[in-house]
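**Student:** Sequence and computational prediction follow.
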Amino acid sequence: MVLQDCGEIPIVEDEENRVPIAVVTDRDIVCRVVARGKNPLEYTAEACMSQPVVTVPEEMGIDDVLATMEKHQIRRVPVVNVRGQCVGVISQADIAWRGSKKEVAELVREVSRESDEPSR
């Protein structure tokens, strides 16, 4: 994560098929390992990964990607091709660079809301 300057790594079924089965985020590592006083160097990705993984197809429009991220309150989402293989990740930061101010504001608000708050 540090070397690639990323906050999420998709965990794939195998290197050949690259079908995402989970993700590991920087927050997963902090909340599930570091905050419990454990050494992250002693744990595998499996110990802190998030499942089930939410993905979006590469042909999905940005409005639907935003809606998916808002619905699941996630800041990053793996992108899959027609075979279900991971071909990339789209992040809140990507939206911030390319989206409108309104889209960005809505995404930040919805992703950041408390889980028990109703969505707007």
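**Tutor:** Everything's here; your move.
**Student:** Which residue ranges of this protein form helices?
**Tutor:** 26-32, 62-72, 92-98, 101-112 (DSSP state H).
**Student:** Give the bridge partners for the closest residue to Val82 other than its chain neighbours, please.
**Tutor:** Of all residues not flanking Val82 in the chain, Pro57 sits nearest, at 7.3 Å (CB to CB, 6 or more residues apart in numbering). Bear in mind the C-beta positions are built from the backbone N, C-alpha and C, glycine included. Beta bridges link Pro57 to Val80, judged by DSSP bridges.
**Student:** separation between the residue nearest the centre of the chain and Leu41?
**Tutor:** Compute the mean C-alpha point of the chain, and by CA atoms, centre = their mean the closest residue is Arg76, 3.1 Å away. Between Arg76 and Leu41 the computed distance is 23 Å (CB to CB, to the nearest Å).
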